[in-house]
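> Predicted structure and sequence below. I'll ask about it afterward.
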Amino acid sequence: MSLIIVSDRAILRTVEVMSSVSGVDHPITEPLPVLATRPTFRATFATLREANFRLYFAGLAATSAAGWLARLATDSLMIELTGDVGLVALVVASQLLPSIVLGPWGGVLSDRFAPRQTVVLTQLVVVLSALCLGVPAILGTAGVPLIVASSLLLGVAAAFEAPARAVLLVQVVGTRALPNAMSLNAAVQQLAGILGALLTAGLVAIIGSGWALVAAPVGPLAGIVMLLGIRRSALQPAIKVAARRGQIREAIRYVQRKPEIRTALLLISSLAFFALTASILMAWAANERYGLGTLGYTLFQTASAVGALLGSLLAARRRQLRLRDSALLLAGSGLVWACSGLAPFAGVFVIGLVASMLMRTAFMIGNDSLTQLSANGAIRGRVVSLYVACMTGMQAAGALAAGWAVHALGGEITFLLAGGAPALIALAVVLTSRSRPALPAPA
């Protein structure tokens, strides 16, 4: 499988001198990688041939599974202590809020300091959070304030980890292999979600939520060991930015000057607000439309994870990244999701769910990859943090809106809005973007 580099008019706008933007002498933004032929199935896993990425990948798998275990065990503990399922929303909000407020600062730190050390520190915070809640839960002294505090601590770790991981991944695999690596990361996170949910169910049933939380730190600790095993000599050189005032405003101005990144933020914001609250609609479908209760909800969540896993593998086989293609994937996902709410039978709904999640995940990976590769290395961490903060903030607002809409408008109308709105926005992007011919990359 050969790799060539091309640049079109969209990409040419990303090739720029950074000295006027961030004060860092980093000459150009590298052009987007394009494969000469579509990858074979074996080539889908090509990045795993690199020893450093295998360590990164294994560490991510361990921390992701443990993260699911910690989050779900926390939800379970809240229900055990209060008997109020609605208070789980308080846990979720506590985990999302730090990324909205602190995310941009996480981007600043990821551009200043070594990302591997930052990720290790955030994983130690995850360990601390789980133990500080799990031990009191075993002793019978845990309460709602402690659960909220622990959830906030998890959120703080996530706010600083996301941009640092993005910078570290580029150091591990480089920009050419980044789309493939991100697709494999998404695939392992979906598998970790499935395994983490099953593990949580078993541990909570056998030993209780407190002991499950105490067991959760095994994953982050294993991830730290993997990260420390990465050979520094094989890493791509990191670009360090000196500390100074106004670096978040600098990143915002940078994004405003980049049409591709602005459009990518518009697309992910529309998806986050309208459709990343799928769990609410799946719960409505399971209970209200098909009368399947908890069993149906579990089935729908599993189908969603399967679709996302397939979408991750599909994204790993993309030959090139284009904003227009990503917008088409979002439009297709939205239209299928809108129609799924009208499915007469649960089996038809499951098929639509898998298809929608497949396209949605492929879109999210492509959109994220395009954003990162369109950003100069000296400011990439801050761009990623703005991307995450934007997505998280819109998701939190969308959850409130979806909860209101299901009660006020009904599930079918909410499905139409949740799928139709992002589909219309994506189609508008497709119609306003022109086909751009491939041009040689600059030297």
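Cool, got the structure. Not measured: the values here are computed from a predicted model. Residues are numbered from 1 along each chain as shown.

> okay, CA-based contacts and neighbour counts for the rest of this
Fine.

> quick one, what contacts the residue lying closest to A93 once chain neighbours are set aside?
Once flanking residues are discounted, A93 sits nearest to A396: 7.1 Å by C-alpha to C-alpha, 6 or more residues apart in numbering. For A396, the contact set (C-alpha atoms under 8 Å, 6 or more residues apart in numbering) comprises A93, L96, F273.

> Could you identify the helix or strand that succeeds whichever strand or helix holds F300?
Element membership for F300 (DSSP states H and E) is helix 293-316. Next in sequence after helix 293-316, counting helices and strands by DSSP H and E, comes helix 323-340.

> Show me what that next one is packed against.
helix 259-274, helix 346-373, helix 411-432 (3 or more C-alpha pairs under 8 Å, 6 or more residues apart in numbering; DSSP states H and E).

> and of those helices, who's closest to A222?
Distances from A222 to each of the helices and strands packed on helix 323-340 were compared by C-alpha to C-alpha, and the smallest falls on helix 346-373, at 25.6 Å.

> could you give me the average pLDDT of the helix or strand following the closest one?
The helix or strand immediately downstream of helix 346-373 is helix 380-408, counting by DSSP H and E. Averaging the model's pLDDT scores along helix 380-408 yields 82.

> Could you check the angle helix 380-408 makes with helix 411-432?
In this structure, helix 380-408 runs at an angle of 140 degrees to helix 411-432, with axes from the mean of the first three to the mean of the last three C-alpha atoms, to 10 degrees as the basis.

> and the residue lying closest to G106 once chain neighbours are set aside, how many neighbours?
If you skip the residues right next to it in sequence, G106 has F160 as its closest partner in space, 4.3 Å away by C-alpha to C-alpha, 6+ apart. Around F160 sit 27 other residues, with neighbours defined as other C-alpha atoms under 10 Å.

> okay, and for the stretch 51-200 of the chain, where does confidence drop off?
84-89 (pLDDT under 70).

> swap the cut-off to 90 and go again
For the stretch 51-200 of the chain, residues meeting the criterion pLDDT under 90 lie at 51-54, 56-119, 130, 133-134, 137, 139-145, 147-148, 150-152, 154-200.

> how about the helices of it, start to end?
Secondary structure of the stretch 51-200 of the chain (DSSP state H, counting those that start in this stretch): helices located at 51-82, 88-112, 115-139, 144-173, 178-206.

> Between helix 115-139 and the second one, find me the angle.
Per the same axes, to 10 degrees, the angle that helix 88-112 makes with helix 115-139 is 150 degrees.

> Just the buried residues of helix 88-112, please?
Within helix 88-112, the residues scored as buried using 16 or more other C-alpha atoms under 10 Å are 88, 90-100, 102-112.

> Same question for the first one.
Residues of helix 51-82 classed as buried under the neighbour-count rule (16+ other C-alpha under 10 Å) are 52-78.

> Same question for the last one.
Buried positions in helix 178-206, judged by neighbour count with 16+ other C-alpha under 10 Å: 178-197, 199-201, 203-204.

> and what of the fourth one?
Using 16+ other C-alpha under 10 Å as the test for burial, helix 144-173 gives 147-173.

> Ok, the third one next?
Going by neighbour count (16+ other C-alpha under 10 Å), the buried part of helix 115-139 is 115-135, 137-138.

> So what touches that helix?
By C-alpha under 8 Å, 6+ apart, the list of residues contacting helix 115-139 reads 70, 77, 110, 142, 146-147, 150-151, 153-154, 157-158, 160-161, 164-165, 167-168, 209-214, 216-217, 220-221, 223-224, 227.
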